[in-house]
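>>> Here you go, sequence then predicted model.
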Amino acid sequence: MTPDQLDEQLAKLKKEQFNLRFQRASGQLENTSRVREVRRDIARIKTMQTEKRNGQGGQGGKGA
């Protein structure tokens, strides 16, 4: 993924995380596991951004 795509995906996930937080606070959240998934996806994207910035460019990921 390009840095722009990573930034776009990160913004999308942060927005979703914000909405999930509000749903949980108001008692409307049905899929509680999604909160964990989004948090971990954000961490993955931040890791990829750091690797690209430091020139590591790891090809890892799930199952690697």
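Perfect, thanks for sending it.
>>> number of nearby residues for residue 5?
Residues near residue 5, counting by other CB atoms under 10 Å, number 10. Where C-beta positions appear, they are placed from N, C-alpha and C, glycine not excepted.
>>> who does the helix or strand residue 39 falls within touch, helix- and strand-wise?
Secondary structure assigned from DSSP states H and E places residue 39 in helix 33-53. Contact analysis of helix 33-53 by 3 or more CB pairs under 8 Å, 6 or more residues apart in numbering; DSSP states H and E lists helix 3-26 as its packing neighbours.
>>> what ranges of this protein fall below the confidence cut-off?
Along the chain, the parts satisfying pLDDT under 70 run over 57-64.
>>> Please report phi then psi for residue 28.
The phi and psi values for residue 28, taken as degrees, to the nearest 10, are phi -100, psi 0.
>>> what sits against it?
The contact partners of residue 28, by CB atoms under 8 Å, 6 or more residues apart in numbering, come to none.
>>> thought residue 13 was touching residue 41?
Yes. Under the criterion of CB atoms under 8 Å, residue 13 makes contact with residue 41 at 5.5 Å.
>>> Among these two, which residue is more densely surrounded?
Higher neighbour count among residue 13 and residue 41: residue 13, with 19 against 16, using other CB under 10 Å.
>>> Pull the contacting residues for the closest residue to the more buried one other than its chain neighbours.
Spatially, and ignoring its direct neighbours in sequence, residue 13 is nearest to residue 42 (5.1 Å; CB to CB, 6 or more residues apart in numbering). Applying CB under 8 Å, 6+ apart, we find residue 42 in contact with 10, 13, 14, 17.
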